[in-house]
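Visitor: Give me a model of this one.
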Amino acid sequence: MGRERRPVIAVLRRVWTLIPYLGDVWVPFVFHFDFLDKATGQPALISERHKAIRDSYTVTVPDQRLDFRVAAAMAVALDALQSR
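Guide: So this is what the prediction gives:
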């Protein structure tokens, strides 16, 4: 199960994209996504975006059962779904 760590930032990002002309500009918010194992509630994947002109992320995979290719694919998907 995945969700954005800070719900307020999630709402602000969505409102930002609804504002005419402003929604086409780079999103200045730093956001982090946490993916949890539903059975144990423990983190399986953590994706953190850093402030930078070029997108920079730190992806941590604390659950050793998760294949690194799945983690890489999810990190790419999170970036791609930001519509940039």
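Visitor: drop to CA atoms for contacts and neighbour counts, all remaining ones
Guide: Will do.
Visitor: Who are the contact partners of the residue lying closest to residue 2 once chain neighbours are set aside?
Guide: Residue nearest to residue 2 in three dimensions, not counting chain neighbours: residue 35, with 4.0 Å by C-alpha to C-alpha, 6 or more residues apart in numbering. Residues near residue 35 by C-alpha atoms under 8 Å, 6 or more residues apart in numbering: 1, 2, 3, 43, 44, 45, 46.
Visitor: from what I can see, residue 35 looks like it's in a helix, true?
Guide: No - counting by DSSP: H, G, I helix; E, B strand; the rest coil, residue 35 is not found in a helix; it is strand.
Visitor: ok, so what distance separates it from residue 65?
Guide: 13 Å (C-alpha to C-alpha, to the nearest Å).
Visitor: now residue 31
Guide: 25 Å.
Visitor: if you count what's nearby, which of those two comes out ahead?
Guide: residue 31 (18 against 8; other C-alpha atoms under 10 Å).
Visitor: thinking the more buried one is in contact with residue 48, fair?
Guide: Yes - with contact defined as C-alpha atoms under 8 Å, residue 31 reaches residue 48; the gap is 6.5 Å.
Visitor: What residue, apart from its backbone neighbours, is nearest the residue most central in space within the chain spatially?
Guide: Closest residue to the average C-alpha location of the chain: residue 33 at 4.2 Å, with C-alpha atoms, centre = their mean. In this structure, residue 33 finds its nearest non-sequential neighbour in residue 4, 4.4 Å apart by C-alpha to C-alpha, 6+ apart.
Visitor: Buried residues, whatever helix or strand residue 74 lives in. List them.
Guide: Secondary structure assigned from DSSP states H and E places residue 74 in helix 68-80. Neighbour-count burial for helix 68-80, counted by 16 or more other C-alpha atoms under 10 Å, picks out 71, 75.
Visitor: do the same with stretch 46-64
Guide: So for stretch 46-64, counting by 16+ other C-alpha under 10 Å, buried means 46, 47, 48, 49, 57, 59, 61.
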